[in-house]
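*Asks:* sequence and computational prediction follow.
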Amino acid sequence: MLKQLQQQLLQQQQQQQQQQQQMQQQQIQMPQAQQQTELTPVLEAIRRLDERIVELHNLTQQQQQLQQQQQQMQQQQQQQLLQQQEQITEALKQQQQQQQQQQQQQQQPQEAPPFPPPAAPEAAAEAAPEAAAAATTEAGPAEEAAAAPAAAAAPAAAAAPAAAAAPPPTAAETAAAPAAAATPAAAAPPISIENYNCGGERHIYICFSLLQ
């Protein structure tokens, strides 16, 4: 038993020695590979840092662009708000002016419509003969017969004041009066009415002839 144990221990020692030798040989043969394996994490970290720096730079540019866009949007919104406020104020002013005008019109008394201007004297003078001519043309025989006595009475009415104003007659004049009065009474002129048409208009002429 002891011999077996000793042999096993010897074998283990030999194996360990072989492993150590192999390890030493590997360390001598491959120093560069070990250095590379040690530097790879460092290089990887540097690469990652570079990528991160680029990302940060891009992010800063994007943030600046966003800020500029926000500023432009704010300016546009402010301008639109100002324009809307100006439009609203102008509309309110116009409404106020219209309301004031309506109130003033309601408060002012309603003026009466103007009367038509009076006719000019020349126009009235020109219209009078035309109206008289129309009246004569439209007058019938009854109106003409009624106008004849009025025209005959006009000279008698005009002669009455003259007779009243004359001086009283003398005795010789009163004696000769019956003979003188008989002659004019017998020779009293007749009243002649002549009707004729002239240019489509009807005229009435009343002629009085007195014989001495």
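*Replies:* Good, I have the coordinates. Quantities reported herein were computed from a predicted structural model and do not represent experimental measurements. Numbers count the residues shown, from 1 in each chain.
*Asks:* pLDDT weak spots in the protein?
*Replies:* 1-2, 5, 27-37, 109-212 (pLDDT under 70).
*Asks:* look through it and tell me its longest helix.
*Replies:* helix 31-107 (DSSP state H).
*Asks:* that one - contacts with which helices or strands?
*Replies:* Packing partners of helix 31-107 (3 or more Cβ pairs under 8 Å, 6 or more residues apart in numbering; DSSP states H and E): none among the helices and strands. In this view, the C-beta of every residue, glycine as well, is placed from N, C-alpha and C.
*Asks:* the chain should start at 36 in everything you say after this.
*Replies:* Noted, 36 is the first residue going forward, which turns the last one into helix 66-142.
*Asks:* what about Leu127, how many neighbours?
*Replies:* By other Cβ atoms under 10 Å, the residues close to Leu127 number 10.
*Asks:* check Gln109 too.
*Replies:* 10.
*Asks:* what does the one 4 residues further on give?
*Replies:* For Gln113, the tally of surrounding residues (other Cβ under 10 Å) stands at 10.
*Asks:* His92 now?
*Replies:* 10.
*Asks:* distance of it from Glu86?
*Replies:* His92 sits at a distance of 11 Å from Glu86 (criterion: Cβ to Cβ, to the nearest Å).
*Asks:* find residues that contact each of these two.
*Replies:* Counting by Cβ atoms under 8 Å, 6 or more residues apart in numbering, His92 and Glu86 have no contacts in common.
*Asks:* can you tell me what sits against stretch 99-108?
*Replies:* Against stretch 99-108 from outside (Cβ under 8 Å, 6+ apart): no residues.
*Asks:* for that stretch, buried residues please.
*Replies:* Within stretch 99-108, no residue is scored as buried using 16 or more other Cβ atoms under 10 Å.
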